[in-house]
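Undergrad: Okay, structure incoming, though there's no sequence with it:
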């Protein structure tokens, strides 16, 4: 055992009155690795850093100081995804534990940008470049190409640092108290795009500097037939990057008609929530139990509004006139209340029933606030006699149901469920909808070593009257449509949902086990003309385990998934949709899109104990392939299908284990990883590209696309128990 660990444990033992004995044990895995990659593509290290050199893969230390048990653990030390944790346990009386984890996400290593990050969400271009582009628009493309040719690479990644701690204390037999706290800090950047008009897009990095803190306390009381738990909690989200401010590459001066020299966009507002919950469990006797939950939370945010525009060509008095009163923040608030009640009863020895009721209300208490205009794209002030309004959306969802479970022996068990759901929507085009759903399952064992499970369900959702007024201008309620009245958004549209699933497994012999899983779901929006009309999903997975010999095990599987969606839309001119007659709304060109996405997945794993208890070899291979086809059509037969996309990922591992006589294990490792992409939207992304019409209208991109690569890794590790 490590000498320093012995000293530390002994010191802790001496510090506790009456304790003179301490012990410790544990294990550690460490080693060295080298890897190389054909192309520096971020996908290889998207969610974890591959060690290149020495590493400490994991460690676990367990010790006892008198009646107190101490545990410490860690993984991937000094890497971007490292984690550390510890726990202290004094039986059922007291438990304390905490952990710290880093969660990296690498987006790209090839992003480049001409913008200089000044901090605080401000990104600037040289003033001279903006002036030249404004005074000589014809030279914009060669000028920006020259600038982008020397643009530096920029980091495009972020990391979440999560720290949590938990305390559980049992002062007496019926009581248990708990306290939990978590802090999640995210720092870094990701791609973001904003537009100066319809044909001038600038892609930059969004700064991420956020803190989320959550604390909660619980008290649990159990005595006889009664169990009660109460919870109180508070959470707070703090975004230190309040806004994104970016120079306009085409203008150096502000103009009330031609545009602004800068653009500004508000980012995620600070917010907080207070919550409370009470849970009750009571044994009613006669094999009947009651479970109830009541929860309430209040969510608020009061971030100050940004000014209507950053364009200095608009006078402050003009902008102030767009506010109907002195308010300069939303003062948003919402109350969420949840009820959940269940009664479970064993009707007979082989029959059990459940009655369920759940209600959740999201009461948006934010006031309605009209603005007397907007400044579109920081260049065009549009006034409105009625005013642009915020929409304090809310909803209430109620579900009532019953379940019956029966046991008819090992060969046949069944479950039958029925649900009736009601939803109310505030300020939506469908105010109320209802859904009835039924579900059934049979399962059991067949002979020796066989089992099966079959599921099936159907649900029908229908809404009440369609409120066409939600698609119209408030000042011209009977003449102008903001949205096409034939549009039905999928979350409130009438829908039939069909589901089916199954699983079967069999031990065909002492050495061969096989299993097959399948899932199916279809959402049919039969009444929808424009919007999502049909959505189908399939999944099939089969796997088998074979004991080739007494020292060689082989496991393999294949999975197939598919998602098909059919959508409808309509192409119209910029002319307002004024229904002069019933046929005017049919004046556009109907479009359809059929998207077919298929995924294939396969794996093979093998363990060969060459010399039992001494030398073994593990090998594995994993492959995933995703292909998507886009079929577009319209009434005029001018639609052109988008190019199909293709993604392929393969990983392979070979591990050698050699166990020494003292329990130390020596490991040799080889890894293989390859990634291939054929996607017009994710590869060969230019730094300067066409964003609209005419062709002179251009956009600045980060060029952060995918690239094909092959990577190899070789490592040597030692696993030591002490």
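TA: Perfect, thanks for sending it. Nothing here was measured: the structure is a model prediction, and the numbers come from that model.

Undergrad: What residues does the nearest residue to residue 67 once chain neighbours are set aside make contact with?
TA: Leaving aside its sequence neighbours, residue 67 sits nearest to residue 90 (C-beta to C-beta, 6 or more residues apart in numbering; 6.0 Å). For every residue, glycine as well, the C-beta is placed using N, CA and C. Residue 90 makes contact with 67, 68, 69, according to C-beta atoms under 8 Å, 6 or more residues apart in numbering.

Undergrad: Neighbour-wise, which one of those leads?
TA: residue 68 (17 neighbours; other C-beta atoms under 10 Å).

Undergrad: ok, now how distant is the closest residue in space to that one that isn't next to it in sequence from residue 219?
TA: Closest residue to residue 68 apart from its sequence neighbours, by C-beta to C-beta, 6+ apart: residue 90 at 5.2 Å. Noted for residue 90: a distance of 19 Å to residue 219, by C-beta to C-beta, to the nearest Å.

Undergrad: Also residue 542?
TA: Distance, residue 542 to residue 219, using C-beta to C-beta: 48 Å.

Undergrad: same deal with residue 420?
TA: On the measure of C-beta to C-beta, residue 420 and residue 219 end up 35 Å apart.

Undergrad: How confident was the prediction at the residue nearest to residue 67?
TA: For residue 90, the pLDDT comes out at 90.

Undergrad: Please apply the same query to residue 64.
TA: So, for residue 64, pLDDT stands at 89.

Undergrad: helices or strands up against the one helix or strand it maps to?
TA: For residue 64, the host element (DSSP states H and E) is strand 53-65. In terms of contact count using 3 or more C-beta pairs under 8 Å, 6 or more residues apart in numbering; DSSP states H and E, strand 53-65 is assigned the packing partners helix 3-15, strand 22-37, strand 68-77.

Undergrad: Could you pull out the helices in this structure for me?
TA: Ranges of helices in the chain, per DSSP state H, are 3-15, 127-135, 140-149, 316-320.

Undergrad: Can you flag the weakest of those by average pLDDT?
TA: helix 3-15 has the lowest average pLDDT among these, namely a mean of 38.

Undergrad: Mind listing what's buried along stretch 71-88?
TA: For stretch 71-88, burial by neighbour count (16 or more other C-beta atoms under 10 Å) applies to 71-76, 79-80, 82-88.

Undergrad: Now for residue 62: which residues touch it?
TA: With C-beta under 8 Å, 6+ apart, residue 62 has these contacts: 24, 25, 26, 69, 70, 71.

Undergrad: same thing but at 10 Å, please
TA: Shown in contact with residue 62 (C-beta atoms under 10 Å, 6 or more residues apart in numbering): 23, 24, 25, 26, 27, 69, 70, 71, 72, 73, 87.

Undergrad: what pairs with the fifth one across the strands?
TA: So the one you mean is residue 27. residue 60, residue 721 (DSSP bridges).

Undergrad: Repeat that for residue 332.
TA: Counting by DSSP bridges, the residues bridging with residue 332 are residue 301.

Undergrad: do the same with residue 615
TA: Going by DSSP bridges, residue 615 forms beta bridges with residue 611, residue 658.

Undergrad: Can you tell me which of the buried residues of stretch 71-88 is closest to residue 191?
TA: When the buried residues of stretch 71-88 are ranked by distance to residue 191 (C-beta to C-beta), residue 80 comes first, at 19.6 Å.

Undergrad: What distance do you get for residue 357 to residue 516?
TA: With C-beta to C-beta as the criterion, residue 357 and residue 516 are 37 Å apart.

Undergrad: My error: substitute residue 321 in the last question.
TA: From residue 321 to residue 516 the distance is 69 Å (C-beta to C-beta).

Undergrad: Of these two, which one has the most company?
TA: Between residue 321 and residue 516, counted using other C-beta under 10 Å, the more crowded position is residue 516 (16 against 12).

Undergrad: didn't that one look like it was pressed against residue 451?
TA: No. Residue 516 is not in contact with residue 451 according to C-beta atoms under 10 Å; the separation is 11.5 Å.

Undergrad: hey, what's in contact with both of the two?
TA: With C-beta under 10 Å, 6+ apart as the test, residue 516 and residue 451 both reach 503, 504, 505, 506.

Undergrad: Pull the number of nearby residues for the closest residue to the last one other than its chain neighbours.
TA: I take that to be residue 506. Spatial nearest neighbour of residue 506, chain neighbours left out: residue 450 (4.5 Å); criterion: C-beta to C-beta, 6+ apart. If you count neighbours by other C-beta under 10 Å, residue 450 ends up with 14.
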